[in-house]
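Participant: predicted model, plus sequence, below.
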Amino acid sequence: MDKLARTLRLGCIQLKVGANKSENVARAINKIRDAKMKGAEVVSLPECFNSPYGTAYFNDYAETIPGETTNLLSQIAKELQIILIGGTIPERDGDKLYNTATIWGKSGELLAKYRKMHLFDIDIPNEITFKESDSLSAGNDLAIINVKDFKIGIGICYDIRFEELAKIYRKKGCNVLVYPAAFNMKTGPLHYELLAQSRSNDNQLYTALISPARDVNASYVAWGHSCVVDPWAEVMYTSEADEDVFVVDLDLDKVDKVRANIPVFNQRRTDIYETIEKK
Ligand SMILES: NC(=O)CCC(=O)C(=O)O
């Protein structure tokens, strides 16, 4: 067994994001360099890293893929010889917009593209109302990347609330889930870490959530608190609200141990669920 292939250093960037797109991207590139200096082999940016997060901004900041922002992601992945999960950007494709993650390989090649599958439409009166579907379309496809012996499934923010998606990734062999994820000040405090722990616990894998840094003057104030949870559902690291670049070491032995200790994926009563649900 190649132990080196079974460990992976994941770098996460909780990035300050403002109104100036080129400044956002330049800042992201600098922070990617910091993560590489800390030994990261795979680096992830947050949701909506080149644009403020909000339905009023998506159209103005949207780009085709490839385009000016993603060309720079491709270049930096190649220069630093890393796998880069390029957070998300508003993507323009014809007359549609998507919230899209791109993943870049060491030759600067596009390894995968993932469009947010579950759009963030919520209404909590007097607290927060947000309707991504006012301007965005939903994606319909999975994205899995293979790095060393790891299989990483990609989701985006609100997607983490849908356990079906995470379970599909687990069934397809994933041992890590990465969600660029800008939660808000209402749901973030209770749900952010809880959801990461839930998906890790359900599926016995690593879960990473990567947020923009909090900007209290923004129209949408992100919770921050990027975190990584291990397959035992233990929180390995949580950021505060400010900008942060951190690395965590992932180990497949830990995944195998939890799955062997509590083998829920071999114990499901799939022979009866459908029948008892219909009763
Ligand atoms: N950007 C998002 O999808 C936000 C999701 C969120 O805040 C939630 O509570 O869910």
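Facilitator: Thanks, I have it.

Participant: kindly report the residues of the stretch 101-250 of the chain close to the ligand.
Facilitator: 120, 157, 158, 161, 182, 183, 184, 187, 191 (C-beta under 6 Å from any ligand atom). Yep, even glycine has a C-beta here, placed from its N, CA and C like the rest.

Participant: any buried residues in the strand or helix carrying the last one, and which?
Facilitator: Same thing as residue 191. Assigned by DSSP states H and E, residue 191 belongs to helix 188-203. Neighbour counts using 16 or more other C-beta atoms under 10 Å place 188, 191-193, 195-203 of helix 188-203 among the buried residues.

Participant: is it possible to get those residues out as JSON lines so that each row also shows distance to residue 124 and pLDDT?
Facilitator: As requested, these are exported to JSON lines (distance: C-beta to C-beta, whole Å; pLDDT from 0 to 100):
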{"residue": "188", "distance to residue 124": "13", "pLDDT": "98"}
{"residue": "191", "distance to residue 124": "12", "pLDDT": "98"}
{"residue": "192", "distance to residue 124": "15", "pLDDT": "98"}
{"residue": "193", "distance to residue 124": "19", "pLDDT": "98"}
{"residue": "195", "distance to residue 124": "16", "pLDDT": "99"}
{"residue": "196", "distance to residue 124": "21", "pLDDT": "99"}
{"residue": "197", "distance to residue 124": "22", "pLDDT": "99"}
{"residue": "198", "distance to residue 124": "20", "pLDDT": "99"}
{"residue": "199", "distance to residue 124": "22", "pLDDT": "99"}
{"residue": "200", "distance to residue 124": "26", "pLDDT": "99"}
{"residue": "201", "distance to residue 124": "26", "pLDDT": "98"}
{"residue": "202", "distance to residue 124": "25", "pLDDT": "98"}
{"residue": "203", "distance to residue 124": "28", "pLDDT": "98"}
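
Participant: report the central residue of this protein.
Facilitator: Among the residues of the chain, the smallest C-alpha distance to the mean C-alpha position (C-alpha atoms, centre = their mean) belongs to residue 179, namely 1.7 Å.

Participant: and the residue lying closest to that residue once chain neighbours are set aside, how many neighbours?
Facilitator: Among residues not flanking residue 179 along the chain, residue 155 sits closest, at 4.6 Å (C-beta to C-beta, 6 or more residues apart in numbering). Counted by other C-beta atoms under 10 Å, the residues lying close to residue 155 total 27.

Participant: ok, now how distant is residue 155 from residue 191?
Facilitator: Summarising the geometry, the distance separating residue 155 from residue 191, computed by C-beta to C-beta, to the nearest Å, is 15 Å.

Participant: hmm, back to that, so what does the helix holding residue 191 touch, helix or strand wise?
Facilitator: helix 163-171, strand 176-180, strand 206-210, strand 227-229, strand 235-238 (3 or more C-beta pairs under 8 Å, 6 or more residues apart in numbering; DSSP states H and E).

Participant: packing partners for the shortest one?
Facilitator: So that's strand 227-229. helix 188-203, strand 206-210, strand 235-238.

Participant: where does this protein have low pLDDT?
Facilitator: Counting by pLDDT under 70, not a single residue of the chain qualifies.

Participant: most packed of the helices and strands packed on helix 188-203?
Facilitator: Scoring those by mean neighbour count under mean count of other C-beta atoms under 10 Å gives strand 206-210 as the most buried, with a mean of 30.

Participant: mind listing residues that contact that strand?
Facilitator: Strand 206-210 is contacted from outside by 10, 12-14, 44-47, 87, 160, 166, 175-181, 183, 192, 195-197, 199-200, 226-231, 248, 250, 255, using C-beta atoms under 8 Å, 6 or more residues apart in numbering.

Participant: swap in stretch 188-204?
Facilitator: When contacts are defined by C-beta under 8 Å, 6+ apart, stretch 188-204 is touched by residues 160-161, 163, 166-167, 169-170, 174, 177, 179, 181, 183, 205-209, 211, 222-225, 227-233, 235, 238, 255, 258-259, 262, 264-265.

Participant: if we go to 7 Å?
Facilitator: Applying C-beta atoms under 7 Å, 6 or more residues apart in numbering, the contact partners of stretch 188-204 are 160-161, 163, 166-167, 170, 177, 183, 206-207, 209, 223, 225, 227, 229-231, 233, 235, 238, 255, 258-259.
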